[in-house]
Each structure stands twice: as structure tokens, then as C-alpha cells.
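J.: Build me a model:
(one chain, ligands or ions: 1)
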Amino acid sequence: MSEKPIEVVDNGGIVRLTITRPKALNALNSAVLEALEATLLELEARDDLRAVLITGAGEKAFVAGADIAEMRDKTPEQARAFAQKALKTFKRLETLPVPVVALVNGFCLGGGCELALASDWAVASDNAVFGQPEVLLGVIPGFGGTQRLPRRVGPAMALDLVTTGRKIDAAEALRIGLVNQVMPQANLEAYAEELTKQLGGNGPEAVRNAKQAVHDGQDQDLDSALALETSLFALGFAGAEQKEGMNAFLEKRKPNF
Ligand code: CO8
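T.: Coordinates of the predicted model:
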């Protein structure tokens, strides 16, 4: 591979990550996963990070899945290690303390769909194609699809997608809640960049706490999750953001976070 597997563009804490393997439709092989993890480790250590956009190079694919050529000859132990490598990396992405937007510019299949599911937002071109086609390869999703997909779209639709392996278009992905927004490819870049900038301009403490409440709350019973929300809500009153946000409202001006 001549290109760097992950291209990083940093615009004052608004970071764009591009998976750069267009000849293989950005399929996730070990090199890509390792580069993504190393990049996320660097991002985690920064205190000026405000938002992340993740996409795939080229106009055809976001990510067309885990690399089938690399997986074909794996033993069960090697397959487990490969899946664990991806799960660890996707978890890092999911738990970044800033909003993560997936810009889905084409095929978003298997591990690609699972990568979008580990992002907070997904915006897609109207020609994007989604699916968890692993059963058609004789396996099941291994990068979180059987767990994050039902959490996003509900168990009935998740079972449909993972057991049929059928592909769905962007309109259906929007209807079932897999993506937040769909638009023509020509408008997508500008929209996703603006959205990421806008999300990055919100108060970072409030955004971090909101993200944690939603993610951590989903795996708890309702009472525990509501208690978590109360703790994070109250925590907000300990920081400068709450004072600035509420003062700005009362003074009829924009807050400066
Ligand atoms: N892995 C490796 N190479 C790929 C992949 C992939 N997932 N997808 C596409 N490519 C390669 C093709 O082999 C081809 O390479 P070459 O030019 O050298 O022949 C190149 O990208 C272009 O692809 P196509 O010629 O196939 O392009 P088309 O426009 O004809 O078709 C498709 C596009 C429909 C996206 C087609 O490429 C396709 O079906 N790809 C595979 C989609 C898929 O099944 N994805 C799921 C993979 S499995 C997975 O992600 C689950 C992970 C579970 C983890 C388990 C841990 C071990």
C-alpha cells in the first residue's frame, strides 16, 4: 500500500479521518485497523479535540467491509484476534469524548456498517448502500454488528439484516434510523463538514456528558440510567459552561464555549 492507511486533517481540533484504501473499497485489513487505533490513541490524548469526521477515500465506498482476502485463511483463534482488534478500535472511536460523524459516501457494508454504528452520527449520500452481508460469506458480523445494530434500529430489523444479508439503500437506512441524514453526493461533503464544525462548537463538557449518558445508559436498567443522567446533569453545574450558556441566554447573546 503506497498511501498512509489513515489520512488525518486537523482544522483547529475538528479532525477529519479518511480511510485510504480506495482500490479495495477501503476494506478494513490489519494495517488499516492498526493505523486507525494509533490515530485514535493520539486523539484521545488531546485536550483541544472538538469533533471527528470519519470517511472513506474515493466516491464509491465508505468501507466495503473487513478485508475478505485477509480473513479467508484464518483459523478460529486468528479470526477471534482480528475481531478483537477491530472491536477495541471501534470502542475507542465510540468513546471519544467528542461527537463523531461518519460521512458515508457509498458502500457501507459489513465492517463498514459496523464502523458507522460506532459513530455518533451517520450522514449518507443518496447512492450509499448498507448491509451486514456476512452470512453470505458463511460467517456472522464480528465487529459489533449483532450488538450495535439492534441497539440502533431495533432487534427485528437487525435480525432481518444480519440473517438475510440483504443490502438496503440510503432511503431505507434513513427510514429505519441507521443514518441521520441522506442527501445527494454533491452536497454531502459540505454538509458533513459544517455539521462536524457545528457539533464541535457546542460546549465540550456538555457534549461529552450527553454522549456518556446516552451510551452508558443504554446498557443499564432504566432507574440506574436515570440516576446516571442526574449525576451527569448535576456535574454540568460545576463547570464554566453552564454559567456561560445560561448567562448568554439571559443576556441575549451567543454563548462562547
Ligand atoms: N475485502 C477485500 N476486498 C474487497 C472488499 C472486501 N470486503 N470489498 C471490495 N473489495 C475489493 C474487490 O476485491 C476488488 O478488488 P480487485 O479490483 O483487486 O478485484 C475491489 O475492491 C473493487 O471491488 P469490486 O470489483 O467487487 O467492485 P463492484 O463495484 O463490482 O462491487 C461491492 C462492489 C458490491 C461492494 C463488492 O465489492 C462486494 O460485495 N464487496 C464485499 C462486501 C462484503 O461482503 N463485505 C462484508 C465483508 S465481511 C465483514 O465485514 C465482517 C467482518 C467480520 C469480522 C470477522 C473477524 C474475522
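J.: Surely residue 15 is within a strand?
T.: Yes: counting by DSSP: H, G, I helix; E, B strand; the rest coil, residue 15 is part of a strand.
J.: what residues are up against it?
T.: 8-9, 43, 49, 51-53 (Cβ atoms under 8 Å, 6 or more residues apart in numbering). Yep, even glycine has a C-beta here, placed from its N, CA and C like the rest.
J.: Near the ligand, list only the ones from those.
T.: Among the contacts of residue 15, proximity to the ligand is found for none (Cβ under 6 Å from any ligand atom).
J.: now, which of those residues lie within strands?
T.: Of the positions in these, 8-9, 51-53 sit in strands, assigned by DSSP state E.
J.: ChimeraX command to pick out the buried ones of those residues?
T.: With 16 or more other Cβ atoms under 10 Å as the criterion, this ChimeraX line picks the buried residues out of the ones in strands among the contacts of residue 15:
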select :51,52,53
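J.: Pick out the most distant pair among the ones in strands among the contacts of residue 15.
T.: 8 and 51 (13.7 Å; Cβ to Cβ).
J.: if we can go back for a sec, same list, the ones in strands among the contacts of residue 15, but as JSON lines with pLDDT and distance to residue 180 please.
T.: Shown next, in JSON lines, are the ones in strands among the contacts of residue 15 (pLDDT from 0 to 100; distance: Cβ to Cβ, whole Å):
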{"residue": "8", "pLDDT": "98", "distance to residue 180": "24"}
{"residue": "9", "pLDDT": "98", "distance to residue 180": "22"}
{"residue": "51", "pLDDT": "98", "distance to residue 180": "15"}
{"residue": "52", "pLDDT": "98", "distance to residue 180": "15"}
{"residue": "53", "pLDDT": "98", "distance to residue 180": "13"}
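J.: can you redo the ones in strands among the contacts of residue 15 as TSV with distance to residue 69?
T.: Below are these laid out as TSV (distance: Cβ to Cβ, whole Å):
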residue	distance to residue 69
8	26
9	29
51	34
52	29
53	28
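J.: Which stretches in the stretch 151-257 of the chain count as strands?
T.: Remark: strands assigned in the stretch 151-257 of the chain by DSSP state E, counting those that start in this stretch are 167-169, 181-183.
J.: Please disregard the earlier target; I meant the stretch 1-150 of the chain.
T.: Under DSSP E, counting those that start in this stretch, the stretch 1-150 of the chain gives strands at 6-11, 14-19, 51-56, 61-63, 100-104, 107-109, 121-125, 129-131.
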